[in-house]
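Participant: sequence first, then the predicted structure:
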Amino acid sequence: MRRFFSKVISLIYPPKCIFCKQLLEHDASIYVCDSCYEKLPFLKMEIMSVFTDAGNNHCDGVVSVFEYTGVVKESLIRFKFYNEPSYYKTYARVIDDRVSKLLDMNDYQLVMSVPLHKDREFSRGYNQAYLISKELSRTIKLKECSGAIVRSRQTQTQSLLDKQRRSQNVMGAFEVTKPAKVAGKSILLVDDIFTTGATLEECSRVLKAAGAAKVTAVVVATGRRYLI
Ligand SMILES: [Zn+2]
């Protein structure tokens, strides 16, 4: 019955490519047309570290699918700021594909997203990272655990700040409210974009302080074009 309804819905609202909006077959597994797929800026590098002092990071590594450029950048902006939450499904699929190739999934127990402050989530209507995390947990078959962490302090938009200010801006912004859920666990931490890594690093710091064994960040795209 559910399949029937989803088929009817896809006939009324046929899926469109999230990059160029071309109509796709109703049963398309990812919403990317062949022509866009050929041109997507898949990131060549594999697992990145957040900062240069790799051994001292709280975040154990970052896996990104794309470079943050061109049509990927435009689609992520629409996803986050122009009310296109449905893109989460395609982003989760491409992340799943990437992490399944690069990481041993037997090492991980949880998937969770970088939290938004509740006021920002309310005004946006959704947490874009949580939508990806929820879908990823379903396809990759790991438990979703975003409810264990909150952003307790409202922060400025990171994109407006330089690197040093970004670290200060997010310092102390997160709180693990259910430490028992993360203690001893290895976690895939989902966000949409990785730029300076200040947010992912701070989130990883509090998760580790709450007892998490390992935190690997997974993102749709990164502005980093080089290995550090
Ligand atoms: Zn397309």
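Facilitator: On my side now, so go ahead.
Participant: only C-alpha atoms for contact and neighbour calcs from this point on.
Facilitator: Noted.
Participant: who does the residue nearest in space to the middle of the chain form a beta bridge with?
Facilitator: Nearest residue to the geometric centre of the chain (CA atoms, centre = their mean): D191, 2.7 Å. Beta-bridge pairing of D191 under DSSP bridges involves V219.
Participant: so it touches T222, yeah?
Facilitator: No. Using CA atoms under 8 Å, D191 makes no contact with T222, being 10.4 Å away.
Participant: what's the biggest helix by length in the chain packed up against?
Facilitator: Counting residues, the longest helix in the chain under DSSP state H turns out to be helix 88-102. Helix 88-102 sits against strand 61-67, helix 128-140, strand 214-222, with contacts defined as 3 or more CA pairs under 8 Å, 6 or more residues apart in numbering; DSSP states H and E.
Participant: the spatially closest residue to P15 that is not a sequence neighbour: how many residues sit nearby?
Facilitator: Computed as CA to CA, 6 or more residues apart in numbering, the closest residue to P15 that is not its neighbour in sequence is L24, at 5.5 Å. Residues lying near L24 (other CA atoms under 10 Å) number 18.
Participant: spit out the contact partners of L24.
Facilitator: Applying CA atoms under 8 Å, 6 or more residues apart in numbering, we find L24 in contact with P14, P15, K16, C17, Y31, V32, C33.
Participant: among the residues you listed, which are in reach of the ion?
Facilitator: By CA under 5 Å from the ion, the members of those lying near the ion are C17, C33.
Participant: tabulate the contacts of L24 (JSON lines), appending secondary structure.
Facilitator: Shown next, in JSON lines, are these (DSSP: H, G, I helix; E, B strand; the rest coil):
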{"residue": "P14", "secondary structure": "coil"}
{"residue": "P15", "secondary structure": "coil"}
{"residue": "K16", "secondary structure": "strand"}
{"residue": "C17", "secondary structure": "coil"}
{"residue": "Y31", "secondary structure": "coil"}
{"residue": "V32", "secondary structure": "coil"}
{"residue": "C33", "secondary structure": "coil"}
